[in-house]
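Student: Sequence plus the predicted model coming up.
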Amino acid sequence: MITMLIAGCGRHSQSTNHTVIQQTVLLLQGEKLLAHSELAPPFLLQLGEQLAQGEPLLASYRFRIRRLHPWLPDTRILDKPLQRHIRKRLITERYELREEQQRLVHYTTDEQEALNFIGNPRFILLANRFKPLPQTRYQMETHLSITPSGMSRLFLLLNRWLSLGKPMEFIQITELP
Amino acid sequence: MKRFVLSSRHGYLLLVLLVVAIITFLTAQGLHGAVAVSSGDYGMLFLILLYVNLFLVLALGFLVLRHVFRLWLDRRQRRTGSMLRTRMALMFVALSLLPTLIIAMLSVNFLNRGVDSWFSDRIARAMDTALEVSRAYYRESQRNIRHDAEGIVRNRALASSLTLDDDEALSAILEVERMARGLDEVAILRPDGTRIARAGELPFDPLPDLDAIMDGSSRALVVTSDAGERVRAFVPLDDNYVLSTGHWIDRQILGQLETIEAVYVDYRNLRASHGLLKANHTVTLALIAVLLLLAAIWSGFRIADDLTNPIAELIVGARKVAIGDLSVTLSVTGNDELATLMAAFNAMTRKLQENHEELQETNALLEERRRFMAAIVQHISAGVISVNRSGEITLMNPAAGMLLGIDGPLAIGQHYRALLPDAMLTALSQRDPRGPGIIATQFQMQIQGADRTYTLMVRVTPLDDGAGASHGFITTFDDISDILLAQRSHAWSEVARRIAHEIKNPLTPIQLWAQRLRRKYMKHQADSCPDWQVLDEGTNAIINQVEELRILVNEFSTFARLPRPELTPNDLHAGIQEVLLLHRAELEKITVTTDFSKDLPLFPHDRGQIKQLFTNLISNALAAIRERNAATFLAISTEVTDNGAWVRIQIADSGSGIPPGDRDRIFEPYFTTKATGVGLGMAIVKKIVEDHGGSIRIRQSQWDGALIEIRLPIHTNPLPVTTSPEHASHT
């Protein structure tokens, strides 16, 4: 298996919250396009404190790749969502981890493992077949929102529309070399 | 009865209020539920309520501002009802402001106090304690498992049974221990996980690293399942075996523990944001208070509109009715008192409209009659003068103006005493119509016109309202000069006929006897005899006087027995020329001019009577010329007038003329201005003219003499042409 690092996006972040999304790494294994994302440790500590209060959180990632055209509108060629729920059980003192797409629940008592689950997702499959075109520019956008879990979809939508709650949304836009 | 009409606007309003109420209810329900589920929704739901209220406040504020702006415009334009609407709006504001503020402040205070009480330190400590108790219970379960495992290991029976290598006995011992300690599973494992014996059964969980406890220690390793509902303890029995004990945590208790945990988490979230919560409450209640206030103001405007609009419509309608527009119809909605009033107003205007139309019809009829009467009054020959209560002339027809020599239109509005002739005023002053006891009266009077004297029959009719109040009087007067003249002419005709009859018969014997006396006694002239001379003079006088009497009687007879004219087409000019020829000798020293119309055809007239007419007129003219003994002119002219219907004949002379006062009487029999003559010539002329259907008048000629103007009809039945009033009055 040939693994090729396409881009490490952390140093070229154009986001105003680039300190939260520390870096996003794209890996090309054969024709499979994978992604790693890594949040800044201070933000992870902040999330750990929130989790320690027993508050359930939902980390919603969205990875988008656009093909850039010099004179035509840009074309979105990839849009991959990823949602992860996490909650610390205060009595049993273990973390409840759940990935939205897989609907599997994992438990751990290791705080670092729990924070990595929500803050450092690894090997996220973005595309099974991806061949970058030569002489073509791409742009990747990593979007993260941290919202209190347990809300209905309507309230989540209202939360975004009405700017309710804390501003826990972060965007990182990087042009791929 | 309350006035309320469910219009589309009310329907929309009710729908909006219903939606708001549902949203508020659901939001409140959501708040209540969210506290139990997730504290994160709490602030958000409050904010939703906040936004909803803010939206409603803005919407109502816009409506209220719109009403205020309209009211300001209406007040500026002084529209009807704006003052009442202002008062009602202010009243609603005043009535709603104080209670709303009080309720809002009390609510904020009570709610904040309640929120503070929720998050007091005691409650916080209680929540922390509950969580700690729950944790302690959970840990206690783990400790119990550990103690049980360690206790079993210390049991000598179990240790000795391991040497027997008897699975059934081992299982029995494990079952005894499980039952005795209330465990759900007791098992003996090898360090690699191979199970030797087991009593009871729990679901499989991944084994921990058992080699870590094979260090000769007797302390148990406690492991919980992923969900934490199962607890296992592992204790080494010796170097080759490990004892495992397992236990289900009570599901009911576990559920309660989860509830305590959830409540704790929600409480902590709420407590962390309870300042924001209070602020939300305050702002929300303030918005609700403003909302109520605006709703009250808006309702006030709406109610004021509902009340004042019909009143304004009534006022506008009344103003229209006041200026005469009776077609006003107000829209009647509802069945309250205002609707009844508006319906009554509509009925009133409808009735007024009907009455107005009837009045207009009556006025039109009266106007028609008035015009009819005015036309009659304008064209009748009688004079009509109407005088109001204050003596001002309100009506004077043309005939009155002509008879009295007054300009009729200028006389309107003037006092009758300033205009009417003295003779009439004298008569009216003797019968003052404004005095009490006025009765209708009539009298004759004579007034002097421009060229003749008129005899008028005056009738005075008082105007009263039936109750005795005088409103003036009406004076009518007719020119009866011609009637009197005709009466006198008729009387003279009768006299002449009788005289002719009574006198003519004895004249012949008298004349014969006088002649016979002369023949018998005057055969011999005896101048010396005085008696003879007396006889001669006497008989001559008798004979001469009888002859004169005969002439007189013959003229009387001619006047009285003038036959009806035989109207046959004749040449008028030829007749005139014949008469002039007969008087040729008398006209030798007189300049006679004739101007005959060439358009005059032969027309029906009695040639003999017309010739006699001209004979009399020319004789009178010659006598007048001789009497004046000045210029000697005689002019005769004819002219066809009125589109060939009439011929006008004028005979002008340069004689002494006829005084205006005698111009009517000159046609009376036995009236003469000459020294000789019986005064029947002009009477005969007038009779001949009248018998021919014509008219005659006398004016002053250009030589200050007399101008006789005769109009005769050319056709037997004269066409109905307009004749001058002067001629008409003399026919």
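Tutor: Nice, thanks for sending it over. Everything numeric here is computed off the predicted structure, so don't read it as measured data.
Student: from here on, contacts and neighbour counts on C-alpha atoms
Tutor: Fine.
Student: need the strands for chain A, in chain order.
Tutor: Taking DSSP state E as the test, the strands found in chain A are A:3-8, A:21-29, A:32-39, A:57-68, A:75-89, A:94-99, A:104-108, A:124-127, A:137-148, A:169-176.
Student: So which residue is smack in the middle of chain A?
Tutor: The centroid of chain A falls nearest to A:Tyr61 when counting by CA atoms, centre = their mean (3.3 Å).
Student: same check, this time on chain B
Tutor: The centroid of chain B falls nearest to B:Asp325 when counting by CA atoms, centre = their mean (1.4 Å).
Student: Quick check: phi and psi at that one.
Tutor: Recorded main-chain torsions at B:Asp325 are phi -90, psi 100, according to degrees, to the nearest 10.
Student: Run through who's touching the helix or strand hosting B:Gly472.
Tutor: Using DSSP states H and E, B:Gly472 sits in strand B:470-479. For strand B:470-479, the surrounding residues in contact (CA atoms under 8 Å, 6 or more residues apart in numbering or on different chains) are B:381-391, B:400, B:403, B:433-434, B:454-465, B:729.
Student: Could you grab the helix/strand/coil label for the closest residue to chain A within the stretch 251-400 of chain B?
Tutor: Here the residue of the stretch 251-400 of chain B nearest chain A is B:Val265; by CA to the nearest CA that distance is 5.5 Å. Assigned with DSSP: H, G, I helix; E, B strand; the rest coil, B:Val265 falls in the helix class.
Student: Quick check: buried residues in stretch B:641-650?
Tutor: If you call a residue buried by 16 or more other CA atoms under 10 Å in any protein chain shown, then stretch B:641-650 has these buried ones: B:Thr641, B:Ala645, B:Trp646, B:Val647, B:Arg648, B:Ile649, B:Gln650.
Student: cool, and stretch A:27-46?
Tutor: Neighbour counts over stretch A:27-46 (16+ other CA under 10 Å) mark A:Leu27, A:Leu28, A:Gln29, A:Leu33, A:Leu34, A:Ala35, A:His36, A:Ser37, A:Glu38, A:Leu39, A:Leu44 as buried.
Student: In space, what's closest to B:Arg190 - neighbours in sequence excluded?
Tutor: Taking CA to CA, 6 or more residues apart in numbering or on different chains, and ignoring the residues beside it in sequence, B:Arg190 has B:Tyr241 as its nearest neighbour in space, at 4.7 Å.
Student: residues contacting that neighbour?
Tutor: B:Ile188, B:Leu189, B:Arg190, B:Pro191.
Student: Helix, strand, or coil at B:Ser244?
Tutor: Here B:Ser244 is strand, with the state taken from three-state DSSP.
Student: any idea how far B:Ser171 is from it?
Tutor: Per CA to CA, to the nearest Å, B:Ser244 is found 13 Å from B:Ser171.
Student: what's the neighbour count on whatever residue of the stretch 401-550 of chain B ends up closest to chain A?
Tutor: Among all residues of the stretch 401-550 of chain B, B:Gly413 sits closest to chain A, at 89.2 Å; criterion: CA to the nearest CA. Per other CA atoms under 10 Å in any protein chain shown, the neighbour tally for B:Gly413 reads 14.
Student: same thing with B:Lys687?
Tutor: B:Lys687 is surrounded by 21 other residues when neighbours are defined as other CA under 10 Å.
Student: Contact partners for it?
Tutor: Remark: with contacts taken as CA under 8 Å, 6+ apart, B:Lys687 is in contact with nothing.
Student: just the one 5 residues further on next, same as before
Tutor: B:His692 makes contacts with B:Pro565, B:His605, B:Leu712, B:Pro713, as judged by CA under 8 Å, 6+ apart.
Student: that older thread, return the distance of the residue nearest to the centre of chain A relative to B:Leu580.
Tutor: Summarising the geometry, the distance separating A:Tyr61 from B:Leu580, computed by CA to CA, is 149 Å.
Student: what's the answer for B:Ser331, then?
Tutor: The value you get for B:Ser331 to B:Leu580, if CA to CA is used, is 94 Å.
Student: Give me the more crowded residue out of those two.
Tutor: When B:Ser331 and B:Leu580 are compared on other CA under 10 Å, the one with more neighbours turns out to be B:Leu580, at 18 against 12.
Student: Quick check: buried residues in the longest strand out of those in chain B?
Tutor: Of all the elements of type strand in chain B, the one with the most residues (DSSP E) is strand B:453-464. Under the neighbour-count criterion of 16+ other CA under 10 Å, strand B:453-464 has B:Thr453, B:Tyr454, B:Thr455, B:Leu456, B:Met457, B:Val458, B:Arg459, B:Val460, B:Thr461, B:Pro462, B:Leu463 buried.
Student: Show me which of the residues you listed is closest to B:Val153.
Tutor: Of all the buried residues of strand B:453-464, B:Val153 sits closest to B:Leu463, with 149.6 Å by CA to CA.
Student: related to what we said a few turns ago, so the residue nearest to the centre of chain A makes contact with A:Glu99?
Tutor: No - with the criterion set as CA atoms under 8 Å, A:Tyr61 and A:Glu99 do not qualify as a contacting pair; they are 11.4 Å apart.
Student: Mind listing the shared neighbours of those two?
Tutor: Common neighbours of A:Tyr61 and A:Glu99, counting by CA under 8 Å, 6+ apart, are A:Leu82, A:Gln83.
Student: Just list the residues touching the spatially closest residue to B:Arg178 that is not a sequence neighbour, thanks.
Tutor: Sequence neighbours aside, B:Val186 is the residue nearest to B:Arg178 in space, at 6.0 Å (criterion: CA to CA, 6+ apart). Taking CA under 8 Å, 6+ apart, we find B:Val186 in contact with B:Leu174, B:Glu175, B:Glu177, B:Arg178, B:Arg198, B:Ala199, B:Gly200, B:Glu201, B:Leu243, B:Ser244, B:Thr245, B:Gly246.
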